[in-house]
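> here is a sequence together with a model predicted from it:
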Amino acid sequence: MKARQADAFSYLYDNYSAAIYGAISRIVNDVDVAQEVLQDAFMKFWDKIEQYDSSKGRFFTWMVNISRNLAIDKLRSKEMKKVGKTDNIETYVSGIERNNLSHLNIDGIGLKETLTSLRNEEKFILEMVYFKGYTQSEISEEFDIPLGTVKTRLRMGLKNMRKVLQVV
């Protein structure tokens with residue numbers, strides 16, 4: 001790899017891509033995004049090979065760490081946050097079903113029924129936080145709701161859901 005030989009890169013990809021992909025897919029649940037991160041990881045291995053120091057650890061560990069960091073960076077990226085914020089609860093649950101090949105629908109787990117038992121203000125905040133990825137501060141700024149009110153509605157929504165679900 002350090003000699004920039006194409007055969008070395010091919011060998012590396014052929015023998016390690018499945019393991020690296022496995023590490024990435026544990027972090028990134030979307031197949032297309034995981035494949036994109038895998039490609040980025042191998043490009044980074046090629047570009048940054050001079051930074052590898054065998055005295056600090058094994059080559060495979062170095063590759064997994066780079067891959068893991070890229071996957072986490074991808075999840076934290078604005079691109080991924082925007083995607084998550086555009087989904088409503090039905091779309092979000094349907095996406096999970098497709099990705100996990102599950103046939104469980106939102107009514108099957110009782111979530112939709114539980115959410116309808118909440119006040120609209122509480123339901124809105126819970127959907128924004130848990131299904132669309134907003135932070136409390138983002139909700140406050142974007143929807144012009146005082147931060148304290150957002151926190152109170154979230155806390156009360158969770159408390160009321162616990163009552164409905166009878167969770168201690």
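Nice, I can see it. Numbering: from 1, shown residues only.

> low pLDDT regions in this protein?
Counting by pLDDT under 70, the chain has low-confidence residues at 78-113, 131, 167-168.

> next, find the distance separating the residue nearest the centre of it from F45.
Taking Cα atoms, centre = their mean, the centroid of the chain lies closest to L75, which sits 4.9 Å from it. Computed as Cβ to Cβ, to the nearest Å, the L75 to F45 distance reads 20 Å. C-beta here means a position set from N, CA and C on the backbone, and glycine is covered the same way.

> next, count neighbours for the closest residue to F45 other than its chain neighbours.
In space, and not counting its chain neighbours, F45 is closest to M63: 5.9 Å by Cβ to Cβ, 6 or more residues apart in numbering. Using other Cβ atoms under 10 Å, the number of residues around M63 comes to 20.

> touching, M63 and K44? I think so.
No - with contacts counted by Cβ atoms under 8 Å, M63 stays clear of K44, the gap being 9.1 Å.

> returning to that earlier point: and the residue nearest to the centre of the chain, what does it touch?
When contacts are counted by Cβ atoms under 8 Å, 6 or more residues apart in numbering, L75 is found next to 27-28.

> just the element for it, please.
Here L75 sits within helix 59-76, counting by DSSP states H and E.

> how about that helix as CSV, C-alpha atoms only?
The C-alpha coordinates for helix 59-76 follow below in CSV (Å, rounded to 0.1, in the frame of the first residue of the first chain):
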residue,chain,number,x,y,z
PHE,A,59,-3.3,-2.4,10.4
PHE,A,60,-6.8,-3.9,10.6
THR,A,61,-7.5,-2.0,13.8
TRP,A,62,-6.3,1.2,12.1
MET,A,63,-8.7,0.6,9.2
VAL,A,64,-11.6,-0.2,11.6
ASN,A,65,-11.0,3.0,13.5
ILE,A,66,-11.0,5.1,10.4
SER,A,67,-14.2,3.4,9.1
ARG,A,68,-15.9,3.8,12.5
ASN,A,69,-15.0,7.5,12.6
LEU,A,70,-16.3,8.0,9.1
ALA,A,71,-19.6,6.2,9.9
ILE,A,72,-20.1,8.4,13.0
ASP,A,73,-19.2,11.5,11.1
LYS,A,74,-21.8,10.6,8.4
LEU,A,75,-24.5,10.0,11.0
ARG,A,76,-23.7,13.4,12.5
